[in-house]
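**Student:** how would this look folded up:
(chains A and B)
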Protein chains: 2
Amino acid sequence: MTLAIQTDDIRAAAARLAGIAHRTPVVTSTSADALTGAKLFFKCENLQRMGAFKFRGAYNSLAQFSADQRRAGVVSFSSGNHAQAIALSARLLGVPATIVMPSDAPQMKIDATRGYGAEVKLFDRYTEDREAIGRKLADERGMTLIPPFDHPHVMAGQGTAALELLEDVGALDVMLVCVGGGGLISGCAVATKHSLPQCAVIGVEPEAGNDVQLSFRSGAIVHIDVPKTIADGAQTQQPGRFTFPVIQALVDDVLTVDDAQLVSTMRFFAERMKMVVEPTGCLAAAAALQRVLDLRGKRVGVIVSGGNIDITRYGALLSAA
Amino acid sequence: MTLAIQTDDIRAAAARLAGIAHRTPVVTSTSADALTGAKLFFKCENLQRMGAFKFRGAYNSLAQFSADQRRAGVVSFSSGNHAQAIALSARLLGVPATIVMPSDAPQMKIDATRGYGAEVKLFDRYTEDREAIGRKLADERGMTLIPPFDHPHVMAGQGTAALELLEDVGALDVMLVCVGGGGLISGCAVATKHSLPQCAVIGVEPEAGNDVQLSFRSGAIVHIDVPKTIADGAQTQQPGRFTFPVIQALVDDVLTVDDAQLVSTMRFFAERMKMVVEPTGCLAAAAALQRVLDLRGKRVGVIVSGGNIDITRYGALLSAA
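**Tutor:** You can find the predicted model right below:
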């Protein structure tokens, strides 16, 4: 079976993103290395434009629109980083954007999305289906729908994070990647396994939202209820039809961490590395720093996926621990 | 009158620190520029070794010890970043270190100082005089006392922060520097005015602890009570006998910001730049971001002096705002 994306798709995405996405820094920490016995390389997508890796996939998708698609515009549904990623990419490319967001989304996120020039269409998340609203808008207005993860262009864009990391630090034994719907890990797995077939690509999910772990281990897509976790970027209910086959083919394992481990990791980032990382962005690092797996003696890539969190909420999480 | 340090002292310090101190990154922020109408360059000393610029001055001092001084060791008094800076520098240079700290200092700081291998001598800050204890120890044991700011080698080391910033970004119109006892700003002023006499060097103090502003404006050292401010690195009571003449000769003005402005700035760093900055480290940036002075159209250097703060306390400050 042919996977939805190949290495060339990621290389092409990297060319589209050159000079537009930030080439985010890779940082190291002697404290983190001492704690794990490994050599950890943190790829800081919290320092990406709009604060998360999502910009990569969104821009890579919109940059491939035809002239007609650009005129008609893009529609997307998201309460999180994907919304802002689409809105910013659309502004940069001069494409009209409509984002379908729940009416109870944080005002800050609604404002930020509007601030990028997108039209925000609110819906009631308890009585309406965001995907149906998005598809209806797309049909009515001839707009192109770009979903948050299950799209080859999105997946290829996200894979450029791992590509850059490997270009910067060379061979790795393990690549740790957070998992929501699988857009990031599928892109990163393709980028990694192409040049380093021996490198273990390991996904990390919130314990309460282990839809991908269940799917991966059973060999078929498993659907779960909306998970309760502070990792709001990983509250997906199932992997995608494009992402799951890539995960099955190329990912070595999917592990989980709980919310307390995420908070500890968030504190570690703040205290020792002076970095703000959102809970979802702590998933991959938590597997290393909380010693969910033994990494002694290994060279390990850790994708830090984002840094967008309401600062009052962030402060409360840090001070409650 | 000859100032305590010259440009050559800072260049010599830079040579001593090369490959040992981090050459910290200079970061920019489109949000910060939009807010101020200026082009701001943040020199990130919160990412320095042990989390603050203090490492520069401490290492520069200890690296100039004679063989006898190295054998006998160093003594210092500090409850803050200088203690850890001396302890780390001493470990790197194989010099025994004794740090005099108040018995009610945060356990984390005491542990960190001991963790670097220093002997910690506790004293009662309400009944004992730390400086007298330090001098007595120095006399009894033949150790060399390195004070937190009022020492030419310390001042020269701190100046390397501005030197690097100017090397990285070129000419600036304004250099904003936080002020405690004046070690950082005196070094930075010498480094800046030598190559850029037209660049305004502006100090920023906490409003409640404006000993240097009062001294600067009156032309003589003014002593104040221990100030109540969250900027614990700037709770000095007067400028030093070495630092003050440099400030008088080379600094253009000293401004103040209040604690609420520091918290707003700390939130800005967390939210928009994903960086943890301690309250004292926010002083210089607060003068820009809270528009205490008009910087429109200017290229401005901002020294972000440190990132060491108890994370529970940090979270409480962020979530209370």
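
**Student:** rest of the way, CA atoms for contacts and neighbours
**Tutor:** OK.

**Student:** Okay, and the one residue in chain A that gets nearest to chain B sits in which element?
**Tutor:** Nearest to chain B, among the residues of chain A, is A:G315, at 3.6 Å (C-alpha to the nearest C-alpha). Per DSSP states H and E: A:G315 is located in helix A:311-320.

**Student:** and for that helix, what are the contacting residues?
**Tutor:** With C-alpha atoms under 8 Å, 6 or more residues apart in numbering or on different chains as the test, helix A:311-320 has contacts from A:263, A:266-267, A:278, B:267, B:270-271, B:311-321.

**Student:** can you rerun that using 10 Å?
**Tutor:** By C-alpha atoms under 10 Å, 6 or more residues apart in numbering or on different chains, the residues outside helix A:311-320 that reach it are A:230, A:260, A:263-264, A:266-267, A:270, A:276-279, A:308-310, B:267-268, B:270-272, B:310-321.

**Student:** Any figure for the gap between the residue of chain A closest to chain B and B:T265?
**Tutor:** 14 Å (C-alpha to C-alpha, to the nearest Å).

**Student:** A:N60 too?
**Tutor:** 34 Å.

**Student:** ok, now A:A52?
**Tutor:** Taking C-alpha to C-alpha, one finds A:A52 at 22 Å from B:T265.

**Student:** Specify the local secondary structure of the spatially most central residue of chain A.
**Tutor:** Taking C-alpha atoms, centre = their mean, the centroid of chain A lies closest to A:L184, which sits 4.9 Å from it. At A:L184, secondary structure determined by DSSP: H, G, I helix; E, B strand; the rest coil is helix.

**Student:** which bits of the stretch 1-150 of chain A sit near chain B?
**Tutor:** A:46-47, A:50-51 (C-alpha under 10 Å from any C-alpha of the partner chain).

**Student:** low pLDDT regions in chain A?
**Tutor:** A:321 (pLDDT under 70).

**Student:** give me that answer again for 80
**Tutor:** Within chain A, the ranges that satisfy pLDDT under 80 run A:1, A:79, A:106, A:108, A:125, A:321.

**Student:** What segments of it are strands?
**Tutor:** A:26-27, A:39-44, A:74-77, A:97-102, A:119-123, A:144-145, A:174-178, A:200-206, A:253-257, A:299-304 (DSSP state E).

**Student:** Strand partners (parallel or antiparallel) of the fifth one?
**Tutor:** Which is strand A:119-123. strand A:97-102 (parallel) (DSSP bridges).

**Student:** Could you do the first one as well?
**Tutor:** Within its sheet, and counting by DSSP bridges, strand A:26-27 is paired with strand A:39-44 (antiparallel).

**Student:** Tabulate the CA atom coordinates of the partner strand in PDB.
**Tutor:** The C-alpha coordinates for strand A:39-44 follow below in PDB (Å, rounded to 0.1, in the frame of the first residue of the first chain):
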ATOM      1  CA  LYS A  39      21.800  13.400  24.900                       C
ATOM      2  CA  LEU A  40      18.600  15.200  24.200                       C
ATOM      3  CA  PHE A  41      18.000  17.600  21.300                       C
ATOM      4  CA  PHE A  42      14.900  19.700  21.700                       C
ATOM      5  CA  LYS A  43      13.400  21.100  18.500                       C
ATOM      6  CA  CYS A  44      11.700  24.300  19.600                       C
END
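
**Student:** Okay, angle between it and strand A:299-304 too, please.
**Tutor:** 20 degrees (axes from the mean of the first three to the mean of the last three C-alpha atoms, to 10 degrees).

**Student:** just how off-centre is strand A:39-44 within its chain?
**Tutor:** 16 Å (C-alpha atoms, centre = their mean, to the nearest Å).

**Student:** Could you tell me the angle between it and strand A:174-178?
**Tutor:** 30 degrees.

**Student:** so which of the strands of chain A gets nearest B:N81?
**Tutor:** strand A:26-27 (22.7 Å; C-alpha to C-alpha).

**Student:** ok, and what's touching that closest one?
**Tutor:** A:40-45, A:164-165, A:168-169, A:273, A:301-304.

**Student:** Now find how far off-centre that strand is within its chain.
**Tutor:** 18 Å.

**Student:** Could you do stretch A:73-87 as well?
**Tutor:** With C-alpha atoms, centre = their mean, you get 13 Å for stretch A:73-87.

**Student:** same question, stretch A:17-35
**Tutor:** Taking mean C-alpha positions (C-alpha atoms, centre = their mean), stretch A:17-35 and its chain are 16 Å apart.

**Student:** CA atoms only for it - export them in CSV, please.
**Tutor:** Extracted in CSV, the C-alpha atoms of stretch A:17-35 (Å, rounded to 0.1, in the frame of the first residue of the first chain):
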residue,chain,number,x,y,z
LEU,A,17,8.6,27.1,3.8
ALA,A,18,12.1,28.3,3.3
GLY,A,19,12.4,31.9,4.4
ILE,A,20,8.7,32.0,5.6
ALA,A,21,8.5,29.5,8.5
HIS,A,22,11.2,30.1,11.2
ARG,A,23,14.0,27.5,11.2
THR,A,24,13.4,27.0,14.9
PRO,A,25,16.4,26.5,17.2
VAL,A,26,17.5,23.1,18.6
VAL,A,27,18.5,23.5,22.2
THR,A,28,20.2,21.1,24.6
SER,A,29,20.2,21.0,28.4
THR,A,30,22.9,19.6,30.7
SER,A,31,20.2,19.1,33.4
ALA,A,32,18.0,17.1,31.0
ASP,A,33,20.9,15.0,29.9
ALA,A,34,21.9,14.3,33.5
LEU,A,35,18.4,13.3,34.4
